[in-house]
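Asks: Only the shape, not the letters, is given here:
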């Protein structure tokens, strides 16, 4: 659990600082704000495309080598971003390399490893606790990055983050499933991975879960990338965006654990539907409210409670339906939808701002998407599937 929290803190904490660098990177590299937003969008898409492969590699070889490779990719991506002098280098560093690296050091590898080690009745709570531990990085690394950036510049901040991500390279070996791997919940523990994928694609509940997960990525990527800029347009102080992102990380520690705990006591699909409804309500209220330190703080706290709680719940639904034998692979496929949403959310925010001069349309879209996702999750059939297919 400690290793899972440290790996997640380094990877997700570094990722959550990107919103602080949108304008400075645009000025330093001599590219448009839209180009930086596109690089972040590519990072989300690269993460999603690489996640099924990283999950499958972890299922087969264990999380140790996968996490080590991911940490090296994260460091390389941050270093390249630090010295980027063009949009192409930004896209390669912040987009491709960092996206591939985080696929090896985040949910699809770390949380699924924890899920395999936990007993079925404790699985949701254990993954929620591991996710909460990973949120420590968001609380600590955002002010860390902002402080270095303010005193020594963006390049020094990115190098510092890169060195921190490299430190976690060996920790994946502590996530290896040395204990028992619970396959009792798998209807067929010997089912080949191709047959498991075919079974999942043909399952209505899995498809609805995958479609709904798109909304999570869309909402969070837009907020994480564009909230600092939005608050600046609203006349808020320059540090208000960093404080809001840090508050989101702080309350996400409670929210991730709480959602995991609730998922162990209530039907996870119903908890997911509630999370999406509450997100939409918070987004609408924040958009309509006057922007003050109090309203920004309240919005950040509420969103933090609802931020990454979807991940242990979604992973738990997949494990409930299909068992844990191919959990990394099946979660990775589902997570690709999440990252397509992240790609659109981060890039569309920049496009909408450039074309209209405001974020109004994208705020309304995030609220509407949450309502649709709640309806989809409420209709998921989450009974264990019969793994009838064979190679």
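Replies: Received the coordinates, thanks. Computed from a prediction, not measured in an experiment: that's the story for all the values here.
Asks: What part of the chain, helix or strand, is modelled with the least confidence?
Replies: Of the helices and strands making up the chain, the lowest-confidence element is helix 22-29, at a mean of 73, by mean pLDDT, DSSP states H and E.
Asks: Sketch out the low-pLDDT regions of the chain for me.
Replies: Counting by pLDDT under 70, the chain contains low-confidence residues at 28-29, 177-191, 385-391.
Asks: Do I have it right that residue 329 meets residue 60?
Replies: No. Residue 329 is beyond contact range of residue 60, at 9.1 Å (criterion: C-beta atoms under 8 Å). C-beta here means a position set from N, CA and C on the backbone, and glycine is covered the same way.
Asks: the more surrounded of the two?
Replies: Neighbour count, other C-beta atoms under 10 Å: between residue 329 and residue 60, residue 329 has more, with 28 against 12.
Asks: quick one: secondary structure of the more buried one?
Replies: helix (DSSP: H, G, I helix; E, B strand; the rest coil).
Asks: Make 656 the first number, not 1, from now on.
Replies: In the new numbering, first residue 656, that becomes residue 984.
Asks: That one - nearest residue in space that isn't next to it in sequence?
Replies: Spatially, and ignoring its direct neighbours in sequence, residue 984 is nearest to residue 711 (4.5 Å; C-beta to C-beta, 6 or more residues apart in numbering).
Asks: Please give the number of neighbouring residues around the one you found.
Replies: Other residues close to residue 711 by other C-beta under 10 Å number 20.
Asks: Just the element for it, please.
Replies: Per DSSP states H and E: residue 711 is located in helix 688-716.
Asks: Residue 743 too?
Replies: Using DSSP H and E, residue 743 sits within helix 742-745.
Asks: Likewise for residue 945?
Replies: Using DSSP H and E, residue 945 maps to neither a helix nor a strand.
Asks: repeat for residue 736
Replies: Going by DSSP H and E, residue 736 is part of helix 718-737.
Asks: That helix to helix 677-684, inter-axis angle?
Replies: Per axes from the mean of the first three to the mean of the last three C-alpha atoms, to 10 degrees, the angle that helix 718-737 makes with helix 677-684 is 60 degrees.
Asks: Run the chain-centre distance for helix 718-737.
Replies: Centroid separation for helix 718-737 versus its chain: 17 Å, with C-alpha atoms, centre = their mean, to the nearest Å.
Asks: For stretch 893-910, could you pull out the residues that count as buried?
Replies: 895-908, 910 (16 or more other C-beta atoms under 10 Å).
Asks: Please enumerate residues in contact with stretch 908-927?
Replies: Counting contacts by C-beta atoms under 8 Å, 6 or more residues apart in numbering, the residues outside stretch 908-927 that touch it are 776-784, 786-791, 794, 860, 864, 867, 930, 959-969, 971-972, 975, 1032-1033, 1035, 1037.
Asks: Repeat the analysis, applying 7 Å as the threshold.
Replies: Stretch 908-927 is contacted by residues 776-777, 779-780, 782-784, 786-787, 790-791, 930, 959-965, 967-969, 971-972, 975, 1032-1033, 1035, 1037 when judged by C-beta atoms under 7 Å, 6 or more residues apart in numbering.
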